[in-house]
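Enquirer: 3D, please:
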Amino acid sequence: MTVRDYYEILEVTKEASLEEIKRSYRKLAKKYHPDLNPNNSEAEKKFKEINEAYEVLSDEEKRARYDRYGHDGVNQQGTDFGGFGDIFDDLFDIFGGGFSRGFNNKQRGPERGTDLRYDLKLEFREAVFGVQKEISVKRMEECSECKGTGAKPGTSKTTCKKCKGTGELRYNQQTPFGRFVRVMPCDECNGSGEIIEEKCEHCHGTGKELKSKKIKIDIPAGVDNGNVITLRGEGNIGEKGAPRGDLYIYISVKEDPLFKREGNDLFVTIPITFTEATLGAEIEVPTLDGNENYSLPEGTKSHSIFKLKNKGVPNVRGTGRGDLYFTVEIVIPTNLNEKQKKMLLELSKELGEKYSTPTKKKFFDKVKDAFH
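Expert: Next comes the predicted model:
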């Protein structure tokens, strides 16, 4: 799943002050705290997101890196229950002076890489029949200089003395209800357990660099606007050997000048003559596979709709096709010569139609009628 924007998670704008961020964090942390939402996995997930977002946005240096580089610019250390920062007193109050249980923040393993999104626009027939595309994606890779360590080549990381390499700091507090343990990421090593004495100049200690990667994608027949293709393991590199994130390909399709698509069905309009509509005729209907003959019945009315079964778009799941619907529109002849007009009038007379030739009024007659 794509990581959400930290400002969105905390429900603040990018211009929010630290005090506004803290205030929103307190409100949301109380709302989604696990003790107030027992057996609620959704609340637990949101609580973790809130703590992760606050850990970055409450730190000036991390927030600056996040604003510039996004999620890849910060060292994301997962926040589990217990890393409450300066809202400890508020959370303590909502339980009436004591927690029902203690929290232990087990150190998490390396974070998997973040997910990426790529918007791909296809031609109409590429989407209908499927196609192979090669795209170029910018993603975070292991730094070519330090090989992902973040340390300057020739140097190495040292164990953090403050947390002794655990990445955590624990604070005990005795209450009438028992001992409460607060576990927070070490502020010396940002929870990594290691200190980089000399940072790699190429990646500034992140262990990553942005590179372009060409990837071939097999687009299945029948994809449509809004479809998403997931490429597992093609996102950003993970931390310390953790799996890569995923790459999500969002599909959009250009319109076709002839066919209109609705789901797997196609719609097309075909002009026919007055004679074809009256007497019936063999007409050609355009389809995705070429023109197909169709016997038009006698006395066809304009805007009549006909169906060609299984002549629509292939199902993206590989089973069957949609249908093709074509609408006929009778084209009224214009600019007839005198001979053609005479023949048409004779036909009208034969059919028993009461036809009156339109009269052309003089200019002054039209003015007179307007005043009436």
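
Enquirer: okay, now residue 180: neighbour count?
Expert: Residue 180: 18 surrounding residues under other CB atoms under 10 Å. Where C-beta positions appear, they are placed from N, C-alpha and C, glycine not excepted.

Enquirer: Which of the helices or strands spans it?
Expert: Residue 180 is part of strand 178-185 when elements are defined by DSSP states H and E.

Enquirer: show me the contacts for residue 245.
Expert: When contacts are counted by CB atoms under 8 Å, 6 or more residues apart in numbering, residue 245 touches 112, 113, 114, 115, 116, 233, 235, 236, 238.

Enquirer: Let's have these in TSV, adding neighbour count and distance to residue 319.
Expert: Listed next are the contacts of residue 245 as TSV, based on neighbours: other CB atoms under 10 Å; distance: CB to CB, whole Å:
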residue	neighbour count	distance to residue 319
112	18	34
113	24	35
114	20	35
115	18	30
116	20	31
233	12	28
235	23	31
236	23	35
238	18	37
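
Enquirer: Looking at these, which are in strands?
Expert: Assigned to strands by DSSP state E, the following of the contacts of residue 245 qualify: residue 116.

Enquirer: between the contacts of residue 245, which is nearest residue 148?
Expert: Nearest to residue 148 among the contacts of residue 245: residue 238, at 10.2 Å, using CB to CB.

Enquirer: Residue 71: what's its closest spatial neighbour, skipping adjacent residues?
Expert: Excluding its sequence neighbours, the residue lying closest to residue 71 (CB to CB, 6 or more residues apart in numbering) is residue 114, at 4.8 Å.

Enquirer: Dihedrals phi and psi, the one you found?
Expert: Main-chain torsions, residue 114, degrees, to the nearest 10: phi -80, psi 160.

Enquirer: so how far is residue 237 from it?
Expert: Distance of residue 114 to residue 237, computed by CB to CB, to the nearest Å: 9 Å.

Enquirer: Spit out the residues that contact these two alike.
Expert: The overlap between the contact sets of residue 114 and residue 237 (CB under 8 Å, 6+ apart) consists of residue 140.

Enquirer: What count of nearby residues applies to the closest residue to residue 145 other than its chain neighbours?
Expert: Counting by CB to CB, 6+ apart, residue 145 lies nearest to residue 202, which is 3.8 Å off, once chain neighbours are set aside. For residue 202, the neighbour count with other CB under 10 Å is 14.

Enquirer: Test my guess that residue 202 contacts residue 142.
Expert: No - using CB atoms under 8 Å, residue 202 makes no contact with residue 142, being 11.3 Å away.
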